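[1] Fold the following and give me the result.
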Amino acid sequence: MTHPRLEKLYAAMTDAGLEALAVNPGPTLSYLTGLSFHLMERPVVMFLSPGKEPALVLPELEAPKLRHLPYPARAFPYPELPGEWIKAFQGAIRVLDINGKPIGVEPRALRILEYRFIEQASPLSSFPDASAALSALRICKDADELARMQRAVVIAQDALKATIPLIRIGMSEKELAAELTIQLLRNGSSPEMPFSPIVSSGPNSANPHASPSNRKLQAGDLLVIDWGAAHDGYISDLTRTFAIGEVDEECRKIHSIVQEANAAGRAAGKPGEPCAAVDKAAREVIEQAGYGIYFTHRTGHGIGMEGHEDPYMRGDNMQILQPGMCYTVEPGIYLTERNGVRIEDNMVITANGSESMSDMAREIKVVGS
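    Sure thing, here's the model as predicted:
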């Protein structure tokens, strides 16, 4: 029995000219197996070759998981003795008869630990980058995947709505991030969240990837909250910007500009259009308002099992949008040492256009007063 995801993988491998593939723990392995393995000191690698049963090298203590595999696979478990581990790799390589054949890998995921074992077990092989083939495998979400992502969005929005009444002038960014994390868990997020919430206020909000600090919220601050939830293997990634008490006119102005840019970016996504069109639509609003130099990153990135995956909403990316592709639209304006704004939504390309999975109010809201 061949599983639909394996069939899809083997077709992608054939198109890419890949005779074999090695995958270690991460989203791709979870996507292919429905199982969860962690990166740890004991290596786990799945070897795949079209027309053959997959071979899985793993520690003996993890072997019971294979009862839940949705298709047959050969297991090569190894004991706690590190000196014995190479034998499991050699066995998997021998059964699939791939020594000397190119073995595709994911450079962003494969560690030196696993790579050295594979290299030793298959010394005649080369190891080409299989990222493009694997991206094509996961880039268009099916109805079940979209339902999981939509649930992750609802969990995230409910968590922030429950957190907003707790915001007070004088509380620290770290305290607010902790409250939001608690609410994410209470509202149903998996404990392994896509990322730790970004809570940044005042000058810190001008840093797109700030970490929550001990800085206390002050009247006149803009407050950027970038957060997400995880549900059944899929994630959400949202951002809203608030006013702490009364903020100055320019703060309201840049919030309004970013809100307009966000709307333009959301409207630009259509099947057949390049990813660059989304970036262009959002960026033009900010540039025409005179703040182009303060929008310092791409407009968005793909989402799904990972927080950042294909497709990317960049000005040079001519990849064509297709139904089922999911991505963020998150324009921003960052005034160094002063204040920053970002508004981010999660989008899906439909048959005729695009839809936002997130619907939390985007207008500026005064909190903490």
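[2] what residues does stretch 48-56 touch?
    6, 9-10, 13-14, 19-23, 32, 44-47, 66, 71-76, 91-92, 95-98, 101 (Cβ atoms under 8 Å, 6 or more residues apart in numbering). Quick note: C-beta positions are derived from backbone N, CA and C, even for glycine.
[3] how does it look with 7 Å?
    With contact meaning Cβ atoms under 7 Å, 6 or more residues apart in numbering, stretch 48-56 is reached by 9-10, 13-14, 19-21, 46-47, 66, 72-76, 92, 95-96, 98.
[4] What is the three-state secondary structure of the residue nearest the centre of the chain?
    Centrality entry for the chain: nearest residue to the mean C-alpha point is Gly307, 1.4 Å, by Cα atoms, centre = their mean. Classification of Gly307 using DSSP: H, G, I helix; E, B strand; the rest coil returns coil.
[5] That one is in contact with Pro194, isn't it?
    Yes - between Gly307 and Pro194 there is a contact at 4.3 Å, judged by Cβ atoms under 7 Å.
[6] could you pull out the helices for the chain?
    4-16, 27-33, 85-96, 112-121, 131-138, 143-163, 173-186, 249-268, 275-288 (DSSP state H).
[7] ok so, going back, which of the contacts of stretch 48-56 are buried?
    9-10, 13, 19-21, 46-47, 66, 73-76, 92, 96, 98 (16 or more other Cβ atoms under 10 Å).
[8] follow-up on the earlier one: need the helices of the chain in a markdown table with distance to Glu62, can you?
    Listed next are the helices of the chain as a markdown table, based on distance: least, Cβ to Cβ, whole Å:
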| stretch | distance to Glu62 |
| --- | --- |
| helix 4-16 | 20 |
| helix 27-33 | 12 |
| helix 85-96 | 12 |
| helix 112-121 | 14 |
| helix 131-138 | 22 |
| helix 143-163 | 24 |
| helix 173-186 | 26 |
| helix 249-268 | 42 |
| helix 275-288 | 38 |
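[9] Those helices: which one's closest to His231?
    Of all those, helix 143-163 sits nearest to His231, with 4.1 Å by Cβ to Cβ.
[10] got the angle for the closest one vs helix 131-138?
    Taking axes from the mean of the first three to the mean of the last three Cα atoms, to 10 degrees, one finds helix 143-163 and helix 131-138 inclined to each other by 80 degrees.
[11] which strands and helices sit next to helix 143-163?
    helix 173-186, strand 222-227, strand 230-231, strand 234-235 (3 or more Cβ pairs under 7 Å, 6 or more residues apart in numbering; DSSP states H and E).
[12] Centre of the chain to the third one, how far?
    Average the C-alpha atoms of strand 230-231, do the same for its chain, and the two points are 11 Å apart (Cα atoms, centre = their mean, to the nearest Å).
[13] next one: stretch 216-225
    27 Å.
[14] Can you tell me what sits against that stretch?
    160, 169-172, 197-202, 205, 239-248, 251, 339-342, 368.
[15] are any of those residues buried, and which?
    160, 171-172, 197-202, 205, 239-244, 247, 251, 339-342, 368.
[16] Show me these that map onto strands.
    198-201, 239-244, 339-342 (DSSP state E).
[17] any chance of the residues you listed in CSV, with distance to Ala178 too?
    Listed next are these as CSV, based on distance: Cβ to Cβ, whole Å:
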residue, distance to Ala178
Ile198, 13
Val199, 9
Ser200, 15
Ser201, 15
Thr239, 19
Arg240, 18
Thr241, 20
Phe242, 17
Ala243, 22
Ile244, 18
Asn339, 23
Gly340, 22
Val341, 24
Arg342, 21
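[18] So what's the residue count around the closest residue to Arg74 other than its chain neighbours?
    Sequence neighbours aside, Ala55 is the residue nearest to Arg74 in space, at 4.6 Å (criterion: Cβ to Cβ, 6 or more residues apart in numbering). Per other Cβ atoms under 10 Å, the neighbour tally for Ala55 reads 24.
[19] which intervals of the protein have sub-threshold pLDDT?
    Within the chain, the segments meeting pLDDT under 70 span 1, 369.
[20] What residue spans form the domains of it?
    The chain is divided into the following domains under automatic domain parsing: 4-137, 139-367.
[21] Pick the most buried one from these.
    domain 139-367 (a mean of 20; mean count of other Cβ atoms under 10 Å).
[22] Compute the first-to-last residue distance for that domain.
    This stretch, domain 139-367, spans 38 Å end to end (Cα to Cα, to the nearest Å).
[23] before we move on, what about stretch 231-249?
    39 Å.
[24] thinking again about what came up before, can you tell me which of the buried ones among the contacts of stretch 48-56 lies nearest to Thr181?
    Closest to Thr181, out of all of these and judged by Cβ to Cβ, is Met46, at 32.5 Å.
[25] give the contact list for that closest one.
    23, 29, 54, 56.
[26] shouldn't the first one be in contact with Leu29?
    Yes - contact criterion Cβ under 7 Å: Val23 and Leu29 qualify, at 4.9 Å.
[27] Mutual contacts of Gly307 and Pro194, please.
    Contacts common to Gly307 and Pro194, judged by Cβ under 7 Å, 6+ apart, are 228, 235, 237.
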